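Trainee: I need the structure of the sequence given here:
(one chain, ligands or ions: 3)
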Amino acid sequence: MTREAHTELCQSEVGVAILGMGTVGTEVVRLLNEHGDSFTHRIGAPVVIRGIAVRDTSRDRGVDPSLITDDAQALVDRPDVDVVVEVIGGIEGSRQLLLSALKQGKSVVTANKALVAAHAAELAAAADESQVDLYFEAAVAGAIPIIGPLKRSMAGDEIQRVMGIVNGTTNFILSAMDETGADYAETLAEAGRLGYAEADPTADVEGFDAASKAAILSTLAFHSRVTANDVYREGITKITQQDIKSARKLNCTIKLLAVCERIISEDGSQSVSARVYPALVPLTHQLATVNGAFNAVFLEAESAGQIMFYGPGAGGAPTASAVLGDLVAASRNVVHGGRAPGDNTYANLPIAEFGDVQTRYLVNMHVVDEKGTLSKVAEVFANHDISIATVHQDDVVENEDGTNIDPDGKFARLAVVTHRASEANLAACVESLGNSESVVKVTSVLRMEGQDN
Ligand SMILES: NC(=O)C1=CN([C@@H]2O[C@H](COP(=O)(O)OP(=O)(O)OC[C@H]3O[C@@H](n4cnc5c(N)ncnc54)[C@H](O)[C@@H]3O)[C@@H](O)[C@H]2O)C=CC1
Ligand SMILES: N[C@@H](CC=O)C(=O)O
Ligand code: NA
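Mentor: Ligands and ions are numbered 1, 2, ... in the order given. Sure, this is the predicted structure:
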């Protein structure tokens, strides 16, 4: 059914179904009830909640109990529902519900990055078929307007690079580890209590959540379909206080970054690289100032130059702000006609091989403290076509718990910073370092972003 056909059945109200009443859904309902009159003026018709789908109907949620249902599909199917707001999460159940809504000519607003990153093509096709809207501003960087600006304000520019801190939970953890030396597990639990973490926080700390957002950002920035499976991903679970100290010695901090790049090879052919990993960022870079659950998206575009979007990236009310912005836009289109721009993927650029991606690296290792070690280590880097930028050596070699693992003074800690090199060369170099008699152990390899060479 098209929206025209559906709208003919409707009256001068916009009927809304809210699916899910957890951290975000609760705030969406609260704010909608609190500011309903303003919404009427902004939209041109009242927005009326037709129902709220929850899993547990026995809980008192402080709303009219007649609105509560545990049958989300029946709510979606109601003829007086024009817009479906999905704040449940997960992929398959939400996919079925939203496809069904779109096919019935109802617009969709979702905060679900995992779903959009996996099934955007299918959802967009269903929205196009019915000529309705698919909005997902809350899916990337919470309250920060970034989907709208990429689809509209930046639509006339050529975006080269997007670098984002797009996960509030991991930024909250890394900021605390850096600022106060806080305990990882305790800080993660706190992020859960504050409503930042996903239902399964593995999605946050292992980088899955950021990878979904990187896929969505890449798709919009480079007009090419990128899914979460196309994104190279590493989380923050292996980051230690030693890594953070080694970053500080280089005047850097560690951030979980989503890096989305247009790669132009020597023959002029283009591809897209999307990757998520913890990386050193110089303290002088704007992204280094983003702390706690705040997010930021740093864009580099041909004509605009550098732009940074900054704000609250997680939590109930901030995320509800983005959801409600989309709801207002979708409702206006229901009342006045028109559609939001879709995610045009005409460029269809291929995904770059991860091994071909270039960046800078910090390689931390324990080495044998004797004559010739430095030249042997340097030779390994040279053999893999990697140019060294700086080398820093410390005498003491401590474990994470501060115990000295080298009471006889035979080892040293070496921190090697490289110039730009390919991931493939770096991986081969690290393997050779591991086999070198001069190297006791490569303790960590961290990428460095936000510098040119
Ligand atoms: N919490 C945050 O800071 C942000 C969350 N998001 C996204 O928003 C969505 C919701 O997140 P939260 O509210 O944090 O999750 P949540 O886990 O607090 O809430 C989801 C709610 O949906 C309910 N639910 C599960 N299956 C259901 C079904 N079949 N029918 C009705 N209700 C059902 C659950 O019982 C739960 O109360 C997720 O996609 C998440 O990734 C996006 C940006 C920020
Ligand atoms: N779990 C996510 C919530 C927002 O997308 C985060 O921590 O950023
Ligand atoms: Na957003």
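
Trainee: from here on, contacts and neighbour counts on C-alpha atoms
Mentor: OK.

Trainee: okay, now the domains of this structure?
Mentor: 14-142+317-336, 147-311, 355-448 (the TED database).

Trainee: which one, of those domains, ends up nearest to ligand 3?
Mentor: The closest of the domains of the chain to ligand 3 is domain 14-142+317-336. By C-alpha to the ion, the value is 4.3 Å.

Trainee: that closest one near ligand 1 at all?
Mentor: Yes. Judged by C-alpha under 6 Å from any ligand atom, domain 14-142+317-336 comes into contact with ligand 1 at 19-25, 53-55, 70, 72, 87-89, 111-113, 138-139, 142, 319.

Trainee: out of those, which sit inside helices?
Mentor: 23-25, 72, 113, 319 (DSSP state H).

Trainee: so what's H223 up against?
Mentor: Residues counted as contacts of H223 (C-alpha atoms under 8 Å, 6 or more residues apart in numbering) are 343-349.

Trainee: my bad, should have said L283
Mentor: Each residue near L283 by C-alpha under 8 Å, 6+ apart is listed here: 251-253, 289.

Trainee: out of the contacts of H223, who's nearest ligand 2?
Mentor: Ranked by distance to ligand 2 (C-alpha to the nearest ligand atom), the contacts of H223 are led by D343 at 19.8 Å.

Trainee: could you tell me which residues of this protein lie near ligand 2?
Mentor: With C-alpha under 6 Å from any ligand atom as the criterion, the chain meets ligand 2 at residues 141-142, 167-169, 196-198, 204, 313-314.

Trainee: just the ones of those in helices?
Mentor: Of the residues of the chain next to ligand 2, the ones assigned to helices by DSSP H are 168-169, 204.

Trainee: of these, which is the most crowded?
Mentor: T169 (32 neighbours; other C-alpha atoms under 10 Å).

Trainee: quick check: that one vs V259, distance?
Mentor: 18 Å (C-alpha to C-alpha, to the nearest Å).

Trainee: quick one: average pLDDT of the one helix or strand V440 maps to?
Mentor: In this assignment (DSSP states H and E), V440 forms part of strand 439-448. The average of the pLDDT scores along strand 439-448 is 96.

Trainee: same thing with stretch 203-215?
Mentor: For stretch 203-215, mean pLDDT is 98.

Trainee: likewise stretch 146-158?
Mentor: pLDDT averaged over stretch 146-158 gives 97.

Trainee: what distance separates the start and the end of it?
Mentor: Length of stretch 146-158, first residue to last, C-alpha to C-alpha: 16 Å.

Trainee: quick one, helices of the stretch 151-300 of the chain?
Mentor: 168-180, 184-193, 202-205, 208-222, 241-249 (DSSP state H, counting those that start in this stretch).

Trainee: and the fourth one, what does it pack against?
Mentor: In terms of contacts (3 or more C-alpha pairs under 8 Å, 6 or more residues apart in numbering; DSSP states H and E), helix 208-222 is packed against helix 113-130, helix 147-151, strand 159-165, helix 202-205, strand 232-233, strand 252-264, strand 270-282.
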